[in-house]
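Visitor: sequence first, then the predicted structure:
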Amino acid sequence: MSKEKQNEKTVILQDMHEHIQETTASVHEPHQRIPGGLDRKKRKSSLLRVVLLTAVALLSAVLGGYAVYEYREQRALTEKLTDAVRQDRLRQAQEIMREIRKHGYTSVSLTVLEKQLITMKELSDAWDRVQHYYNLGMYKEARNAVAAFTSNTAYRDRAGVLLEDMRTKELNTMLKSAGLLYAQGNRDKVTLLIHQVLELDPSNRDAQALLAMLKPVVPRLKKNRRRVNTSMVKKK
């Protein structure tokens with residue numbers, strides 16, 4: 001066998017060997033890829049599961065922390081509102097309630113406090129009406145309006161002071177008017193005013209003195225004349 005043929009034979013054998021190797025590899029490659037693909041899917045699935053569990057854990061921690069913060073914030077605002085209502089600080093209580101509503105907090109305690117706050121607002125508005133009548137000198141209307149506060153704990157002292165002040169001013173006004181009417185000689189109106197003063201203040205000395213000035217002296221003069229006449233009869 002010549003050298004050239006031997007070389008051709010060697011080349012052909014090498015090509016056949018390479019072809020067999022490629023065929024064998026092509027046959028065995030799918031079998032090798034299947035387990036590898038499954039492993040990668042399993043790894044991806046496990047990794048995804050770990051990521052999801054981590055995300056859930058982080059979300060739970062964040063939500064839990066936020067819930068604790070919101071609970072503490074609601075509790076702090078509720079305590080502030082309770083103190084403001086207890087001390088009758090209406091404006092401060094209203095500001096705290098607006099903050100509570102902004103956050104959307106709800107509880108049984110807050111419901112009770114909100115009702116108390118409504119009552120405080122109604123009383124404040126009613127007291128403003130009393131002050132309005134008082135400032136205008138409408139003492140009768142002011143007395144009628146303040147009557148609702150005489151039994152109220154928060155306003156009782158203020159109501160008592162205001163009633164006493166109105167009583168004093170009314171008495172002084174009526175006495176001043178009675179003095180002017182007396183100077184004008186209007187005895188009927190003077191007598192009416194004096195009796196009104198004495199109804200409010202039975203021990204008022206100014207009213208008693210003015211009333212004494214209104215009493216006629218005629219009966220006393222008649223009594224003296226009778227005594228004179230009697231003495232003249234005895235002398236005869």
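Guide: Yep, it's here.

Visitor: assign the residue most central in space within the chain to helix, strand or coil.
Guide: In the chain, the centroid-proximal residue (Cα atoms, centre = their mean) is Q94; its distance is 3.1 Å. Following DSSP: H, G, I helix; E, B strand; the rest coil, Q94 is assigned to helix.

Visitor: and for G160?
Guide: helix.

Visitor: please apply the same query to L193.
Guide: Applying three-state DSSP to L193 yields a three-state assignment of helix.

Visitor: next, count neighbours for it.
Guide: Taking other Cβ atoms under 10 Å as the neighbour definition, L193 ends up with a count of 22. Every C-beta, even on glycine, is put in place using the N, C-alpha and C of the backbone.

Visitor: got the contact list for the closest residue to it other than its chain neighbours?
Guide: Here the nearest residue to L193 in space, its sequence neighbours aside, is A178; by Cβ to Cβ, 6 or more residues apart in numbering that works out to 4.2 Å. Neighbouring residues of A178 by Cβ atoms under 8 Å, 6 or more residues apart in numbering: 189-190, 193-194, 197, 207, 210.

Visitor: now with 6 Å, please.
Guide: If you count contacts by Cβ atoms under 6 Å, 6 or more residues apart in numbering, A178 has them with 190, 193-194, 210.

Visitor: in a markdown table: those, plus pLDDT and distance to Q131.
Guide: As requested, the contacts of A178 are arranged in a markdown table below (pLDDT from 0 to 100; distance: Cβ to Cβ, whole Å):
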| residue | pLDDT | distance to Q131 |
| --- | --- | --- |
| V190 | 87 | 32 |
| L193 | 88 | 27 |
| I194 | 88 | 30 |
| L210 | 84 | 32 |
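
Visitor: now tabulate the residues you listed in JSON lines and tack on distance to E70.
Guide: Written out in JSON lines, the entries for the contacts of A178 read as follows (distance: Cβ to Cβ, whole Å):
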{"residue": "V190", "distance to E70": "73"}
{"residue": "L193", "distance to E70": "67"}
{"residue": "I194", "distance to E70": "69"}
{"residue": "L210", "distance to E70": "72"}
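
Visitor: list the buried residues in the helix or strand harbouring V130.
Guide: Take DSSP states H and E as the rule and V130 turns out to sit in helix 108-135. Counting neighbours by 16 or more other Cβ atoms under 10 Å, one finds that the buried residues in helix 108-135 are 110, 113-114, 117, 120, 123, 127, 130, 133-134.

Visitor: could you do stretch 190-208 as well?
Guide: Going by neighbour count (16+ other Cβ under 10 Å), the buried part of stretch 190-208 is 190-191, 193-194, 197, 201, 204, 206-207.

Visitor: contacts for it?
Guide: With Cβ under 6 Å, 6+ apart, stretch 190-208 has contacts from 171, 174-175, 177-178, 181-182, 210-211, 214.

Visitor: from start to finish, how long is that stretch in a straight line?
Guide: Distance across stretch 190-208, first residue to last, is 12 Å (Cα to Cα, to the nearest Å).

Visitor: helix/strand/coil for Y105?
Guide: Judged by three-state DSSP, the three-state class of Y105 is coil.

Visitor: residues in contact with it?
Guide: Residues in contact with Y105 (Cβ under 6 Å, 6+ apart) are Q74.
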